[in-house]
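Peer 1: I'd like to go over a predicted model; first the sequence, then the structure.
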Amino acid sequence: MKKMRTRTWKTMITICLSIFFFGIAPKLTYAAVSVGGEVEALTTSSYLVKLNVPTARLYAADNERSASVAEVTGSTAYEVLSYSDGWARIDTGSTIGYLPLAGQATVIETTREKVDETIALRQDVVQYALQFVGNRYVYGGSDPHTGVDCSGFTAYVMRHVAGVSLSHSSAAQAGEGRTVKSGNPKPGDLIFYSGGGRINHVAIYIGSGQIVHASSAKTGIKVSKWNGRTPARIVDVLS
């Protein structure tokens, strides 16, 4: 599992570097943050360009033989859409064009915000849980290989992927994490449902409005719509 996460992050880093060096970096770029040799989080950055001269020409393409489409001034900072090879593609608010940077402009990173630190872990939880789709539901069961109930399934997945220990009870699990605002689950969050005034079912949210859960003896472990029943509570046990 750790190797899988490492491969995932290496792929993401390679994509980010390729985007940056080959000139298609978006105004929001993503990079991996390494802490103690392991990737811990993503950051997102945005950029502005500031002139070092009073005015400069803005071109239709990234060469000075192309048509001039506007003139920009040193009194304003402009949003960078992409940049490389000495050119920045910028948005002036009325025109989008290419600005030559050499000697006349500087690109400035304006924000760097940490994105959810559990992105990779959440994806691992989802992928691990989905491998058991089609397996048996067994009341009181705790191993999805041989048969498991709803809370046994969530406890097994969280223990094996994230090292999180949960009770073998949906009602108890509902109190073992951080409550998430209704309607805003993230992949890996636990979705709880109630019947008769009490929590009686739990599932793992997998994104795109779907859950994976040990549903019943008839259907086993399956994927369903997350709001097929009205969720009673959403809990984050991963953050």
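Peer 2: Perfect, thanks for sending it. Numbers count the residues shown, from 1 in each chain.

Peer 1: Who is residue 72 paired with across the strands?
Peer 2: For residue 72, the beta-bridge partners are residue 56 (DSSP bridges).

Peer 1: give me the number of residues near it?
Peer 2: 21 (other C-beta atoms under 10 Å). The way it works is simple: take the backbone N, C-alpha and C, and place the C-beta from them, glycine included.

Peer 1: Contact partners for residue 233?
Peer 2: The neighbourhood of residue 233, defined by C-beta atoms under 8 Å, 6 or more residues apart in numbering, consists of 174, 179, 191, 192, 199.

Peer 1: now swap in residue 196 and tell me
Peer 2: By C-beta under 8 Å, 6+ apart, the contact set of residue 196 is empty.

Peer 1: so where is the chain shaky, pLDDT-wise?
Peer 2: In the predicted model of the chain, residues 1-45, 111-117 satisfy pLDDT under 70.

Peer 1: in it, which residue is closest to the centre?
Peer 2: residue 119 (5.2 Å; C-alpha atoms, centre = their mean).

Peer 1: Against residue 69, how distant is that one?
Peer 2: Per C-beta to C-beta, to the nearest Å, residue 119 is found 39 Å from residue 69.

Peer 1: and what of residue 165?
Peer 2: Between residue 165 and residue 69 the computed distance is 61 Å (C-beta to C-beta).

Peer 1: what ranges do the helices span in the chain?
Peer 2: Taking DSSP state H to define them, one finds helices in the chain at 2-21, 119-130, 150-162, 170-173.

Peer 1: buried residues in the shortest one?
Peer 2: Yep, that's helix 170-173 we're talking about. For helix 170-173, a neighbour-count test (16 or more other C-beta atoms under 10 Å) marks 170, 173 as buried.

Peer 1: now swap in stretch 164-171 and tell me
Peer 2: Residues of stretch 164-171 classed as buried: 164, 166, 168, 169, 170 (neighbour count, 16+ other C-beta under 10 Å).

Peer 1: so what's the second one closest to, chain neighbours aside?
Peer 2: The spatially closest residue to residue 166, leaving aside those adjacent along the chain, is residue 155, at 4.3 Å (C-beta to C-beta, 6 or more residues apart in numbering).
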